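Undergrad: next comes the sequence, and after it the predicted model I'd like to discuss.
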Amino acid sequence: MDIQTTLPERRGRRRIELLDVARGVALVAMAVYHFTWDLEFFGYAEAGLAATGGWKVFARCIASSFLFLVGVSLILAHGETIRWRPFWTRWAMIVASAALITAVTWYATPATFIFFGILHQIALASLLGLLFLRLPAPLTLAAGAAVIALPFFFRAESFDQPWLWWTGLSPINPRSNDFVPLFPWFGAVLLGIAAGQVLVRTGWNERLARPAAPRVARPLLLAGRHSLAFYLIHQPVLIACLFLYAQVFPAPEVPQEARFTKACEASCLETRDNAFCPRYCGCMLQRLQTDGALEKLAAGDRSETFRSAVQDLAALCTGQTDDALTQGGQQ
């Protein structure tokens with residue numbers, strides 16, 4: 001997944017092995033998170049576990065670290081002069097891999113397929129990042145902070161269109177197993193570019209290239225140097241292993257209602273409290289069952305009509321729950 005991390009060999013620059021090791025650490029962390037997601041997918045972990053609480057923070061830290069390293073690598077590889085041939089070769093590999101991920105997940109999990117995940121973000125960010133290679137580091141840093149901050153202050157209904165979801169400015173994020181939109185995630189790449197600019201201008205890139213990675217870190221070094229291959233291979237391997245395990249030791253069956261309630265409450269508790277969430281999720285479950293929409297939700301109905309109906313139910317249940325808590329009575 002990395003962009004080339006060295007300047008042209010004719011300039012005598014060595015590859016910074018510490019960056020490869022850092023990328024390898026991020027890959028291992030990603031595999032740990034994905035294994036947790038797989039356990040949830042196969043029913044061995046509670047619904048919503050990987051998308052809430054500490055696991056959610058863990059996932060965001062992993063994505064941020066990858067994108068930050070993309071920015072650092074971009075400036076180290078192309079900061080003095082853009083080497084177009086290796087750039088386009090690497091970029092084509094990333095785009096092809098992103099398209100493969102989209103195609104496979106569309107077939108395997110059409111309700112939550114990956115249409116703009118980490119690889120899609122890296123492909124777009126690699127192109128946009130070229131615009132910042134010659135800018136002063138403080139300006140790049142300020143732009144990165146602005147990109148990260150924007151979706152926390154501005155979202156608009158006009159961006160709630162499938163062809164604009166990739167921007168990250170829709171009021172409600174679409175369902176996807178890996179959604180890494182332009183805002184705020186391109187900001188992490190810009191922060192990496194700014195850090196790379198500082199490294200180059202202070203000469204620290206030369207100092208960091210001198211020490212070789214310790215022998216104990218060699219597996220991480222190898223993974224970091226072949227990060228795209230690791231990314232593409234590790235999840236199919238994990239899923240295959242869990243699939244085989246499930247054939248011998250299947251996970252206990254959990255009713256659809258119970259899975260919805262657990263996932264709803266886990267997500268709700270990210271923003272509300274224990275007094276609100278059980279009531280709210282109970283209201284949502286009852287309304288969805290009454291309207292016959294629970295099966296559509298589980299199947300991942302992506303139609304505009306259904307999404308609008310669910311949003312209306314959420315607004316209704318939010319109002320009823322707040323009223324019930326304010327009055328101290330029952331729904």
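TA: Received it, and whenever you're ready, just let me know what you need.

Undergrad: got the CA positions of the lowest-mean-pLDDT helix or strand in the chain in CSV?
TA: Lowest on mean pLDDT, DSSP states H and E among the helices and strands of the chain sits helix 294-299, with a mean of 78. Provided in CSV are the C-alpha atoms of helix 294-299 (Å, rounded to 0.1, in the frame of the first residue of the first chain):
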residue,chain,number,x,y,z
LEU,A,294,-36.3,-5.2,9.9
GLU,A,295,-35.5,-7.8,7.1
LYS,A,296,-34.8,-5.0,4.6
LEU,A,297,-32.4,-3.4,7.1
ALA,A,298,-30.6,-6.7,7.7
ALA,A,299,-30.4,-7.2,3.9
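
Undergrad: got the buried residues for the next helix-or-strand element following that helix?
TA: Note on helix 294-299: by DSSP states H and E, the next helix or strand toward the C-terminus is helix 304-327. Neighbour counts using 16 or more other C-beta atoms under 10 Å place 309-310, 313-314, 317-318, 321, 324 of helix 304-327 among the buried residues. In this view, the C-beta of every residue, glycine as well, is placed from N, C-alpha and C.

Undergrad: quick one: mean pLDDT for helix 304-327?
TA: Averaged across helix 304-327, the pLDDT comes to 85.

Undergrad: with stretch 249-264 instead?
TA: For stretch 249-264, the per-residue pLDDT averages 86.

Undergrad: again with stretch 273-285
TA: The model assigns stretch 273-285 a mean pLDDT of 90.

Undergrad: in the least confident helix or strand of the chain, what counts as buried?
TA: Buried-residue list, helix 294-299, by 16+ other C-beta under 10 Å: 294, 296-297.

Undergrad: which among those gets closest to Gln286?
TA: Ranked by distance to Gln286 (C-beta to C-beta), the buried residues of helix 294-299 are led by Leu294 at 10.0 Å.

Undergrad: please name the nearest non-neighbouring residue to that closest one.
TA: In space, and not counting its chain neighbours, Leu294 is closest to Leu288: 4.3 Å by C-beta to C-beta, 6 or more residues apart in numbering.

Undergrad: ok, the one you found touching Leu313?
TA: Yes. With contacts counted by C-beta atoms under 8 Å, Leu288 reaches Leu313, the gap being 6.9 Å.

Undergrad: so who does Leu294 touch?
TA: Neighbour list for Leu294: 256-257, 260, 285, 288 [criterion: C-beta atoms under 8 Å, 6 or more residues apart in numbering].

Undergrad: make it 7 Å
TA: Under the criterion of C-beta atoms under 7 Å, 6 or more residues apart in numbering, the neighbours of Leu294 are 256, 260, 288.

Undergrad: my guess is the second one contacts Gly282. True?
TA: No. If you go by C-beta atoms under 7 Å, Phe260 and Gly282 don't touch, sitting 10.6 Å apart.

Undergrad: more neighbours: those two, which one.
TA: Comparing Phe260 with Gly282 by neighbour count (other C-beta atoms under 10 Å), the higher total belongs to Phe260, at 20 against 16.

Undergrad: so how far is Ser267 from the more buried one?
TA: Counting by C-beta to C-beta, to the nearest Å, the gap from Phe260 to Ser267 is 11 Å.

Undergrad: over to Gly24?
TA: 32 Å.

Undergrad: which stretches in this protein count as helices?
TA: In the chain, the helices defined using DSSP state H lie at 17-41, 53-78, 84-108, 118-129, 137-153, 182-202, 204-209, 218-225, 227-248, 256-268, 277-290, 294-299, 304-327.

Undergrad: hmm, back to that, of Gly24 and Ser267, which one has the most company?
TA: Taking other C-beta under 10 Å, Gly24 and Ser267 do not tie; Gly24 has more neighbours (23 against 17).

Undergrad: and the more buried one, what is it in contact with?
TA: With C-beta under 7 Å, 6+ apart, Gly24 has these contacts: 220-221, 223-224.

Undergrad: per-residue pLDDT, it?
TA: pLDDT, Gly24: 95.

Undergrad: pLDDT weak spots in this protein?
TA: Scanning the chain for pLDDT under 70 picks out 1-13, 300-302, 328-331.

Undergrad: list the buried ones in stretch 255-264?
TA: Buried-residue list, stretch 255-264, by 16+ other C-beta under 10 Å: 260-264.

Undergrad: about what we covered before: out of the contacts of Leu294, who's nearest Ala123?
TA: Closest to Ala123, out of all of these and judged by C-beta to C-beta, is Phe260, at 34.7 Å.

Undergrad: pull the number of nearby residues for the nearest residue to the closest one once chain neighbours are set aside.
TA: Computed as C-beta to C-beta, 6+ apart, the closest residue to Phe260 that is not its neighbour in sequence is Leu285, at 6.0 Å. Leu285: 18 surrounding residues under other C-beta under 10 Å.

Undergrad: am I right that Leu285 is in contact with Thr261?
TA: Yes. Applying C-beta under 7 Å, one finds Leu285 in contact with Thr261, separated by 6.0 Å.
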